[in-house]
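Asks: What would the 3D arrangement of this be:
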Amino acid sequence: MNAAASRELLLNAFEMNTVGHLAHGLWRHPRDQSRRHNDIAYWQQLARTLEAGLFDGLFLADVTGVYDVYGGSEDAALRHAIQLPVHDPVPLIPAMAAVTKHLGFGVTVNLSHEQPHLFARRMSTLDHLSGGRLGWNIVTGFLESAARAAGAPRQAGHDDRYARGEDFMDAVYQLWEASWDDDAVRADVARGVYADPARVRRIRHEGPWYRVDALHLTEPSPQRTPVLYQAGASARGIDFAVRHAECIFLPNQGLAATAALVARLRAQLAAAGRAPQSVRILTSIEVIVAPTDVEAHEKVEDYARYAQPEAALAQFAAATGIDFSRYGPDEPIRAGRGEGIRSAHDAVAAGNDGEAWTVRRLLDGMRLGARFTPIVGSPARVADELLRWADTAGVDGFNLVRTVAPECFEDFARLVVPELQARGRFKRHYTEGTLREKLFGTGQACLPATHVGAAWRPSSAPSA
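Replies: Numbering: from 1, shown residues only. This is a model prediction of the structure:
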C-alpha cells in the first residue's frame, strides 16, 4: 500500500462560471441551476454548501476563447453552451470568501495574456480579501481563438508557451516574495509612517518575454505567493509542474494510466530534489450517488436523457485540435499533432486498447456529455471506488466534476463525506490557517524554503 493510503482525501468541487462546464447538456435538467451562474447569490450558496461539506476548495476552471475547431466555427459552442457564455471567475472569489471561513479558492488564469506586474497585484488582493485562501491554477493556454482575441496571429507553440511561462513565474515570484519585507508595514500613527522605504525593494526583471521595473503595489498577503496548481500532463507540462506546482491536477486517463503518470511524477519530483510526497496530486472524478445502488443507476438514466454527447465531442475537438466532424462514424481518426493540449491529442493518437479511435467510440464514452466514466452507486460503493483510486493510483484526492448543479455537490456532501469520515479517510473539521496550511500543515503559510519561488526572497526574509 502506498503512502497516499493513510492520508485523508483532499476534495475540490470542479466548477466554472458558465452554463455548460464538462457534462454537456445537463444544464437542461429541471433541477440544474447552472443558468444562474450570473447570480452572485447562487455562488455564495454554493460556497456555503461546500464549506458545510468540508470540501477543501472550489476549483474554478476558465478559458478566454471559444471552441471553434468542430465544423470550423463556434456554432456548436453557441448552440450547446459549450463553456459559452463564460464569465470571469475572479470576481466570484471575494463574494464567496465573504460568506465562508475555510473554503479555498483555486482560480484558473492564463498567464499568456497577462502582464506580471498587474497580475501579481490582482492575486495578492484576492489573497488579502480571502484571508489567505487563494490558489492559482497556472495555465499557458491552448485555444487558437484565445490567442487571436488577445491580438496574436496564432497560438504560440506548445513548448514555447511553457518557456514563456518560466519567464512569467520568475517575474511574479520576485514581486510576491522579494519586494516587501514582512516588517515593511509600520502603520505608525504617531510618526505618520505607514511603510518603511528601507524595507521595500524595486523589482527589476529583464527576461526574454517580460520586463518589470516596479515595486509590488500590494503589501505582503497572508500567503505572499498563492498556492500553485498546475494541470499539464505532457512531457513539457510535467517538467513545468515538477518545478513550480504545489498541487498537480492530472487528467483522468483510467486507473492504470493515471497510476503510471503519478509514479512518473513522484519519480521526477525526487530527481528534481523535491520530496515526492510534498506535492499533492489530484485527478478528476465524476460521481453519481444516491442512498442505494438502484436509485443511483436510476439517476444516471434520468441524467442521460438530457446529456448531449455531441457537445462533448465538439469541446474535445478544440482540446485536441482535431475536427471530428470531418470523420465518418466508424472511420479511424488520424491527425497530425497541433498546438492544443498535447496529452489530449496523444490520447487519441495512441488509440484505445490497440484500436484506432472512431467518432462512434468516442461518443459511446460520452453518455453523460463528458469524457468520464462515472462512479455510480450507494455511498458505500462510491467510497470503495474512491479509496481504490487513491490507494492504487496514489492520488491525494479528487476534483469532483459538476453534473447536475448544485445537487451533485449536495449529494456528495450529504452521502459520501460521512461514509469517508466513518472510514477515517476524510476530515471532520478544518485546520485553522491559510489554504497552504490546510493542505500542508500549520506553520506553512508561505512557500517552503525548498520551493524554487522562495529562492527570490532576500537573505533577511524568514524561511518558513
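Asks: Can you check which helix is longest in the protein?
Replies: The single longest helix within the chain, with elements called by DSSP state H, is helix 158-178.
Asks: so what does it touch, helix or strand wise?
Replies: In terms of contacts (3 or more CB pairs under 8 Å, 6 or more residues apart in numbering; DSSP states H and E), helix 158-178 is packed against helix 116-129, strand 203-206, strand 211-214, helix 235-244. Glycine gets a C-beta too; all of them are placed from N, C-alpha and C.
Asks: one more time with 7 Å, if that's ok
Replies: helix 116-129, strand 203-206, helix 235-244 (3 or more CB pairs under 7 Å, 6 or more residues apart in numbering; DSSP states H and E).
Asks: which stretch in these is the model least sure about?
Replies: Among these, helix 235-244 carries the lowest mean pLDDT, at a mean of 94.
Asks: residues of that one that come out buried?
Replies: 236, 237, 238, 239, 240, 241, 242, 243, 244 (16 or more other CB atoms under 10 Å).
Asks: which of these sit farthest apart?
Replies: 236 and 244 (12.6 Å; CB to CB).
Asks: returning to what we had before: with distance to residue 428 added, can I get the helices and strands packed on helix 158-178 in a markdown table?
Replies: Putting the helices and strands packed on helix 158-178 into a markdown table (distance: least, CB to CB, whole Å) gives the following:
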| stretch | distance to residue 428 |
| --- | --- |
| helix 116-129 | 27 |
| strand 203-206 | 43 |
| helix 235-244 | 31 |
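Asks: Could I get the full set of strands for the protein?
Replies: For the chain, the strands defined by DSSP state E cover 10-16, 57-61, 104-110, 134-139, 185-188, 193-195, 203-206, 211-214, 227-230, 247-250, 280-285, 287-289, 375-377, 397-401.
Asks: Is it possible to get those out as CSV so that each row also shows mean neighbour count and distance to residue 119?
Replies: Conversion of those to CSV gives the following (neighbours: other CB atoms under 10 Å; distance: least, CB to CB, whole Å):
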stretch, mean neighbour count, distance to residue 119
strand 10-16, 25, 20
strand 57-61, 26, 16
strand 104-110, 24, 7
strand 134-139, 25, 9
strand 185-188, 12, 22
strand 193-195, 14, 22
strand 203-206, 16, 13
strand 211-214, 16, 11
strand 227-230, 25, 14
strand 247-250, 26, 19
strand 280-285, 22, 24
strand 287-289, 23, 34
strand 375-377, 20, 37
strand 397-401, 24, 23
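Asks: what's the closest of these to residue 454?
Replies: strand 227-230 (11.8 Å).
Asks: C-alpha coordinates for that closest one, PDB please?
Replies: In PDB, the C-alpha atoms belonging to strand 227-230 read as follows (Å, rounded to 0.1, in the frame of the first residue of the first chain):
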ATOM      1  CA  VAL A 227      -1.000  28.100  -3.600                       C
ATOM      2  CA  LEU A 228       0.300  27.000  -7.000                       C
ATOM      3  CA  TYR A 229      -1.800  24.500  -9.000                       C
ATOM      4  CA  GLN A 230      -0.800  23.100 -12.400                       C
END
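Asks: Just checking: what are the partner strands of that strand?
Replies: Here strand 227-230 has these sheet partners by DSSP bridges: strand 134-139 (parallel), strand 247-250 (parallel).
Asks: Check the offset of the shortest one from the chain's centre.
Replies: The chain centre lies 7 Å from the centre of strand 247-250; the measure is CA atoms, centre = their mean, to the nearest Å.
Asks: Dump that strand to CSV, restricted to CA.
Replies: C-alpha atoms of strand 247-250 as CSV (Å, rounded to 0.1, in the frame of the first residue of the first chain):
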residue,chain,number,x,y,z
CYS,A,247,-0.8,20.7,-6.3
ILE,A,248,-0.9,18.9,-9.6
PHE,A,249,-4.2,18.2,-11.3
LEU,A,250,-4.0,15.2,-13.6
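Asks: related to what we said a few turns ago, of the buried residues of helix 235-244, which is the nearest to residue 425?
Replies: The closest of these to residue 425 turns out to be residue 241 (CB to CB; 25.3 Å).
Asks: How about the contacts made by the closest one?
Replies: By CB atoms under 7 Å, 6 or more residues apart in numbering, the residues touching residue 241 are 230, 232, 248.
Asks: Name the nearest residue to the first one, sequence neighbours excluded.
Replies: In space, and not counting its chain neighbours, residue 230 is closest to residue 245: 3.8 Å by CB to CB, 6 or more residues apart in numbering.
Asks: for that neighbour, what are its contacts?
Replies: Residue 245 makes contacts with 228, 229, 230, 279, as judged by CB under 7 Å, 6+ apart.
Asks: Can you convert these into CSV and add a column each for pLDDT and distance to residue 6?
Replies: Shown next, in CSV, are those (pLDDT from 0 to 100; distance: CB to CB, whole Å):
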residue, pLDDT, distance to residue 6
228, 98, 25
229, 98, 23
230, 96, 25
279, 96, 17
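Asks: so which of those comes closest to residue 83?
Replies: Residue 83 lies nearest to residue 229 out of these, by CB to CB, at 18.9 Å.
Asks: ok, that closest one touching residue 137?
Replies: Yes. Judged on CB atoms under 7 Å, residue 229 makes contact with residue 137 at a distance of 4.1 Å.
Asks: Between these two, which contacts overlap?
Replies: residue 106.
Asks: so who does residue 180 touch?
Replies: So residue 180 contacts 200, 216, 219, 220 (CB under 7 Å, 6+ apart).
Asks: between the residues you listed, which is closest to residue 20?
Replies: Using CB to CB, residue 216 is the member of these that sits closest to residue 20, with 37.7 Å.
Asks: Excluding residues flanking it in the chain, which one is nearest that closest one?
Replies: residue 179 (3.6 Å).
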